[in-house]
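Colleague: Predicted model, plus sequence, below.
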Amino acid sequence: MRTSQSGESAETAVEDVEQVHTENSFLVTLETHEDPQKMSALRRWIAVFVISHGALCATSASSVAAFTEAGTATAFDVSHEVTILGVSLFVVGLGVGPLLVGPLSEVYGRNIIYRVSYILFLIFTFPAAFAPNIAVFLIFRLLAGCCGSAFLSVAGGSVSDLFPDSRVVNPMGVYTVSPFIGPTLGPLIAGFINQNLDWRWTYRIDLCWICGQCILLFIFVPETYAPVLLKKKAARLRKQTGNPKYYAPLDRRQGGLASAILVSCYKPFQLLLFDRMVLLLNTWNALLLGILYLAFQAFPIIFKDKHHFNVQMTGLSFLGLGLGMLLALSTLPFWNRLFACKAKQFGGTYPPEVRLIMGQVGSVLVPIGLFWLAFTTYSGVPWIVPMIASVPLGAGIFFSFMSTFMYLVTAYRPISASAMASNSALRCTFAAAFPLFAGPMYDRLGTVGATALLAGLTTLMAPLPFIFYRIGERLRKKSPFAVN
């Protein structure tokens, strides 16, 4: 009896193994020529530049509204405080949008999200350019921000799709600098437009820029998300061969499409609520960006009120920040050598926490730049001095965010878009809220006191990346989402 039962068990086990083997033989894989990371370097870099340009365009659209506030207030007969919402609501949209588009890119792919979101970005910017009243203007600024936000979350996932961990530093650096140069480039462009044309031309010219970006997306950016590429290949093979057994991992997801979308959209919230490292890094970034947007309010006061710059020259005062970011970007060869040494030290692959060394440098540079800026805002100090002070501030901002972005896309690679979405949502929420009380703060404390207060806050935050470096590995190993 026992012999019979054991024989049946053995036969069942053999049948199970054969069934698994048969199923696995129909599991679709990517050939070398189909792998996004095996595309030519030129094609991958063109895609990175187009994606980065999309982030630059979207974020510069947030700050151009700051230079249209006087025109909007006059045209719509509203107070200056109401016109500030043109910036804040757009930034709110940049924060809310990634919570939807980031996870959806892990269901439908990156490309369709880019194309649909940017077409909607173009459509919703049109009513803002021709708004008949303040309500229409503000509503469509919010909607435009939501649609332009894809490049603040999905783009980081695309970069990680195109490059392995060992080579992701340079392309991630190009992408990282784009959404932060955008807010400094916006005032420069808007300053020249508003000095010479009606304020509505700011948004009309922005429409032309967005339209050009849409064309570039359709021509130069391929689909890069491997699970979606596998799903499309499986569908193609089923159609070509007539064999319904071909499948991709996404085809075997539990539940229907609606439940898959719901689970994906919940992912950024899960990361914020249940992953301590993500919460800590995102909170640090959010506070940093909120303080940066507060500091932005000092530039028109310093250069327009104290040094008597006109509108277009006030826009040029933000060049120091952009120069600092570009100088920081130029140091990437040094960081590549450092990370290569760390890889040898760790036997080939270093932990993601090594990326936070860059953030440690940034956390020191930011308060240096802010203190320097604070104590050179007097009208008797030559205008070039506070502009130079913004250079280390820009470099520190780049290093701080670059380290976080690289950490998120390497430690959470399969869900990198969701990880970036959680970061974008939190930091944009702070960036939208902080400028609302900038005016009263600078009126009460003055440019020296208010900017020195911000410098003091960033000094208190300076030890954070050093702490994260020490505790990161322990927290990551406890995470249900990180790649260990």
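Modeller: It's in. Remember, it's a predicted structure, so these values are computed and weren't measured experimentally. Residues are numbered from 1 along each chain as shown.
Colleague: which residue packs closest to Leu454, ignoring adjacent ones?
Modeller: Nearest residue to Leu454, sequence neighbours excluded (Cβ to Cβ, 6 or more residues apart in numbering): Ile291, at 5.0 Å. In short, each C-beta sits where N, CA and C put it, glycine included.
Colleague: ah, wrong one, I meant Ser160
Modeller: Of all residues not flanking Ser160 in the chain, Val409 sits nearest, at 4.1 Å (Cβ to Cβ, 6+ apart).
Colleague: one step back: check contacts around the residue nearest to Leu454.
Modeller: The contact partners of Ile291, taken as Cβ atoms under 8 Å, 6 or more residues apart in numbering, are Phe434, Leu454, Leu457, Thr458.
Colleague: go with 10 Å
Modeller: When the contact criterion is Cβ atoms under 10 Å, 6 or more residues apart in numbering, the partners of Ile291 are 366-367, 370, 397, 430-431, 434, 453-455, 457-458, 461.
Colleague: Any quick PyMOL command for the buried ones out of the residues you listed?
Modeller: For the buried members of those, the matching PyMOL selection, counting by 16 or more other Cβ atoms under 10 Å, is:
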select buried, resi 366+367+370+397+430+431+434+454+455+457+458+461
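Colleague: Flag whichever of the contacts of Ile291 scores worst on pLDDT.
Modeller: Of all the contacts of Ile291, Phe434 carries the smallest pLDDT score, 83.
Colleague: which residue packs closest to the spatially most central residue of the chain, ignoring adjacent ones?
Modeller: Centroid-nearest residue in the chain, with Cα atoms, centre = their mean: Leu152, separated by 3.0 Å. Spatial nearest neighbour of Leu152, excluding adjacent residues (Cβ to Cβ, 6+ apart): Ser424 at 4.2 Å.
Colleague: Can you give me the neighbour number for the one you found?
Modeller: Residues within reach of Ser424, counting by other Cβ atoms under 10 Å, total 30.
Colleague: ok, now which ones touch the closest residue to Asn285 other than its chain neighbours?
Modeller: Leaving aside its chain neighbours, Asn285 sits nearest to Arg427 (4.8 Å; criterion: Cβ to Cβ, 6+ apart). Counting by Cβ under 10 Å, 6+ apart, Arg427 touches 91, 94-95, 152, 282-290, 292-293, 401, 404.
Colleague: Helices - which of these land there?
Modeller: Judged by DSSP state H, the contacts of Arg427 include 91, 94-95, 282-290, 292-293, 401, 404 as members of helices.
Colleague: Pick the one among those closest to Thr202.
Modeller: Distance to Thr202, by Cβ to Cβ, is smallest for Val91 among these, at 16.7 Å.
Colleague: State the next helix or strand along the chain beyond the helix or strand that contains Leu217.
Modeller: Taking DSSP states H and E as the criterion, Leu217 maps to helix 200-220. Later in the chain than helix 200-220, the nearest helix or strand by DSSP H and E is helix 226-241.
Colleague: packing partners for that following helix?
Modeller: If contacts are counted by 3 or more Cβ pairs under 10 Å, 6 or more residues apart in numbering; DSSP states H and E, helix 226-241 sits against helix 98-108, helix 110-129, helix 154-162.
Colleague: ok, back up a step: what helix or strand is the residue nearest to Ser160 on?
Modeller: Assessed by DSSP H and E, Val409 sits inside helix 384-411.
Colleague: What would the following helix or strand past that helix look like as CSV? C-alpha coordinates only.
Modeller: Moving toward the C-terminus from helix 384-411, the next helix or strand (DSSP H and E) is helix 416-433. What follows is helix 416-433, C-alpha atoms only, in CSV (Å, rounded to 0.1, in the frame of the first residue of the first chain):
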residue,chain,number,x,y,z
SER,A,416,11.9,52.9,-9.5
ALA,A,417,9.1,55.0,-11.0
SER,A,418,7.0,54.6,-7.9
ALA,A,419,9.9,55.4,-5.6
MET,A,420,10.6,58.6,-7.6
ALA,A,421,6.9,59.4,-7.5
SER,A,422,6.8,59.2,-3.7
ASN,A,423,9.8,61.6,-3.7
SER,A,424,8.4,64.0,-6.2
ALA,A,425,5.0,64.2,-4.4
LEU,A,426,6.4,65.0,-1.0
ARG,A,427,9.0,67.5,-2.2
CYS,A,428,6.6,69.4,-4.5
THR,A,429,4.1,69.6,-1.7
PHE,A,430,6.6,71.5,0.4
ALA,A,431,7.8,73.5,-2.6
ALA,A,432,4.2,74.6,-3.2
ALA,A,433,3.5,75.5,0.4
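Colleague: coming back round to it: and the residue nearest to Leu454, how far from Ser400?
Modeller: 11 Å (Cβ to Cβ, to the nearest Å).
Colleague: Equivalent analysis for Leu272, please.
Modeller: Using Cβ to Cβ, Leu272 is found at 19 Å from Ser400.
Colleague: Of the two, which one has the most company?
Modeller: Neighbours were counted for Leu272 and for Ser400 using other Cβ under 10 Å; Ser400 has more, 32 against 19.
Colleague: For burial, what's the neighbour tally of the closest residue to the more buried one other than its chain neighbours?
Modeller: Using Cβ to Cβ, 6+ apart and skipping the chain neighbours, the partner closest in space to Ser400 is Gly362 (3.5 Å). Look at Gly362: counted by other Cβ under 10 Å, it has 24 neighbours.
Colleague: for His53, what are its contacts?
Modeller: Counting by Cβ under 10 Å, 6+ apart, His53 makes contact with Phe151, Val174, Ser178, Trp209, Gly212, Gln213, Leu216, Leu217, Phe220.
Colleague: And the next helix or strand past the lowest-mean-pLDDT helix or strand in the chain?
Modeller: Every helix and strand of the chain was ranked by mean pLDDT, DSSP states H and E. The lowest is helix 2-25, at a mean of 50. Note on helix 2-25: by DSSP H and E, the next helix or strand toward the C-terminus is helix 41-63.
Colleague: Buried residues, that following helix. List them.
Modeller: Neighbour counts over helix 41-63 (16+ other Cβ under 10 Å) mark 44-63 as buried.
Colleague: Equivalent analysis for stretch 367-379, please.
Modeller: Pro367, Ile368, Gly369, Leu370, Phe371, Trp372, Leu373, Ala374, Phe375, Thr376, Thr377.
Colleague: for stretch 201-214, same thing?
Modeller: Within stretch 201-214, the residues scored as buried using 16+ other Cβ under 10 Å are Trp201, Thr202, Tyr203, Ile205, Asp206, Leu207, Trp209, Ile210, Gln213, Cys214.
Colleague: Can you select the buried ones among the contacts of Arg427 for me in PyMOL?
Modeller: Selection of buried members from the contacts of Arg427 for PyMOL, criterion 16+ other Cβ under 10 Å:
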select buried, resi 91+94+95+152+282+283+284+285+286+287+288+289+290+292+293+401+404
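Colleague: now Ser166, nearest residue through space, not along the chain?
Modeller: Ala343 (7.1 Å).
Colleague: and the one you found, helix, strand or coil?
Modeller: helix (DSSP: H, G, I helix; E, B strand; the rest coil).
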